[in-house]
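Novice: okay, here's the prediction I keep looking at, along with the sequence it came from:
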Amino acid sequence: MFNVKIDDKEIIKLLNKLSKELKSVKGVQAGWYDEVHKSDDNKSVKMVDVVFTHEFGSKDGKVPARPFIRPALKKQKNWNELVKALISDGFTLEEIAGKVGNRIKEDLQKRISSNTPPPLKASTIKRKGSDKTLIDTAAMFESIHYEVVKKRWK
């Protein structure tokens, strides 16, 4: 028979640390802030409005829907796998949330740069000098943010 002594002081320290972490990090938010950018005709536009117009199409039908957010969200299973791997590697919850936020940002950027159908009209290609959908000034691509959300202490 073997006797094993458990150092409960170390276990209590570990549990206290884990408890503080669980209380300190709520998750991560990713997307676009309500920033204002200049459009091609020098008008001020909110990036959020640009994003939703491309995702769902314009009300007047001039801009067709080119979904890129919803397909990126289908990668959520991959994000869950990333969390599991990072936990196994000993990362803190805050570090995990930051890495997941960055992965979401990268997945959105990949979708934006994937030339989402339908293709551009010939007149649009001529105007912008490229046949890439969803990328004109690159403002939508570059303005994706993520933020680790922390709970408020009560």
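Specialist: Perfect, I can see it now.
Novice: tell me the SS of Val28?
Specialist: Counting by DSSP: H, G, I helix; E, B strand; the rest coil, the backbone at Val28 sits in strand.
Novice: now do Asn115
Specialist: coil.
Novice: what backbone torsions are found at it?
Specialist: phi 60, psi 60 (degrees, to the nearest 10).
Novice: what sits against it?
Specialist: The contact partners of Asn115, by Cβ atoms under 8 Å, 6 or more residues apart in numbering, come to 131-134. Backbone N, C-alpha and C define where each C-beta goes, glycine included.
Novice: can you rerun that using 6 Å?
Specialist: By Cβ atoms under 6 Å, 6 or more residues apart in numbering, Asn115 lies in contact with 132-133.
Novice: where's it relative to Glu55, distance?
Specialist: According to Cβ to Cβ, to the nearest Å, Asn115 and Glu55 sit 16 Å apart.
Novice: and if you look at Leu93?
Specialist: Distance of Leu93 to Glu55, given as Cβ to Cβ: 30 Å.
Novice: so for the two, which sits in the more crowded spot?
Specialist: Leu93 (21 against 15; other Cβ atoms under 10 Å).
Novice: now for the more buried one: which residues touch it?
Specialist: 21, 25.
Novice: also the one 3 residues further on?
Specialist: When contacts are counted by Cβ under 6 Å, 6+ apart, Ile96 is found next to 83, 86.
Novice: for the longest helix seen in the chain, which positions count as buried?
Specialist: Longest helix of the chain, by residue count under DSSP state H: helix 93-112. Neighbour-count burial for helix 93-112 flags 93, 96-101, 103-105, 107-109, 111-112 (criterion: 16 or more other Cβ atoms under 10 Å).
Novice: of those, which one scores lowest on pLDDT?
Specialist: Among these, Leu93 has the lowest pLDDT, at 89.
Novice: just give the nearest non-adjacent residue to Ser114, would you?
Specialist: If the residues on either side of it in the chain are set aside, Ser114 comes closest to Phe68, at 7.5 Å by Cβ to Cβ, 6 or more residues apart in numbering.
Novice: shaky segments in this structure?
Specialist: 1-5, 152-154 (pLDDT under 70).
Novice: and the helices in it?
Specialist: 8-24, 47-56, 69-73, 76-88, 93-112, 122-128, 139-142.
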